[in-house]
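*Asks:* How does the following fold in three dimensions:
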Amino acid sequence: MDAPHDAVLLRIFTSVPDRFGLEPLYQAIVLRAREQHLAGATVLHGLMGFGRSATLHQGHLFSVVQDVPVVVELVDSEEKINSFLPTLDEMMESGLVTLEPVKVLRYSRQRAGLLQRIKQHFGRHSRAA
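*Replies:* Got it, this is the predicted structure:
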């Protein structure tokens with residue numbers, strides 16, 4: 001584990017039907033973040049939610065268009081997140097964006113392959129018998 005370091009979590013609240021051009025907005029955001037070499041991005045699909053309009057967004061079993069909430073989370077240094085904000089501003093028509101300071105811990109252990117771990121595991125147990 002690396003020592004904790006300061007970063008910023010950029011959280012974007014949108015929904016599945018929202019678009020940037022022809023592509024889903026959440027997908028366009030992640031692709032642009034990747035192009036700008038941000039450290040990480042995750043898309044979370046919600047089951048239900050509402051925003052300022054109080055319109056309830058939820059999926060329906062037989063609906064072709066699923067109007068469910070989506071949260072896109074981006075993490076990087078404050079400088080890189082701030083440099084991404086103009087890109088995001090061009091993409092967003094409506095929605096909510098939050099920024100919060102976070103401490104990042106990075107794990108980068110190189111784990112042995114599955115076969116090597118199995119051999120190590122059974123090797124230890126066979127010696128005890």
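
*Asks:* residue ranges with poor pLDDT in this protein?
*Replies:* Low-confidence segments of the chain (pLDDT under 70): 1, 56-66, 110-112, 114, 117, 124-129.

*Asks:* After the longest strand belonging to it, which helix or strand is next? Please name it.
*Replies:* Ranked by number of residues, the top strand in the chain under DSSP state E is strand 5-15. For strand 5-15, the following helix or strand on the C-terminal side (DSSP states H and E) is strand 19-20.

*Asks:* what residues does that following strand touch?
*Replies:* Residues from elsewhere that reach strand 19-20, judged by CB atoms under 8 Å, 6 or more residues apart in numbering: 25, 28, 29, 91. In short, each C-beta sits where N, CA and C put it, glycine included.

*Asks:* repeat that with 7 Å
*Replies:* Here strand 19-20 makes contact (CB atoms under 7 Å, 6 or more residues apart in numbering) with 25, 28, 91.

*Asks:* Assess the claim that the first one and residue 15 are in contact.
*Replies:* So the one you mean is residue 25. No: judged on CB atoms under 7 Å, residue 25 makes no contact with residue 15 at a distance of 8.4 Å.

*Asks:* Now do the helices in the protein.
*Replies:* Taking DSSP state H as the criterion, the chain carries its helices at 25-35, 78-91, 114-128.

*Asks:* export those helices to JSON lines and tack on mean neighbour count?
*Replies:* What follows is those, written out as JSON lines (neighbours: other CB atoms under 10 Å):
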{"stretch": "helix 25-35", "mean neighbour count": "18"}
{"stretch": "helix 78-91", "mean neighbour count": "14"}
{"stretch": "helix 114-128", "mean neighbour count": "9"}
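
*Asks:* Make TSV from those and add distance to residue 11 to it.
*Replies:* Listed next are those as TSV, based on distance: least, CB to CB, whole Å:
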stretch	distance to residue 11
helix 25-35	11
helix 78-91	11
helix 114-128	35
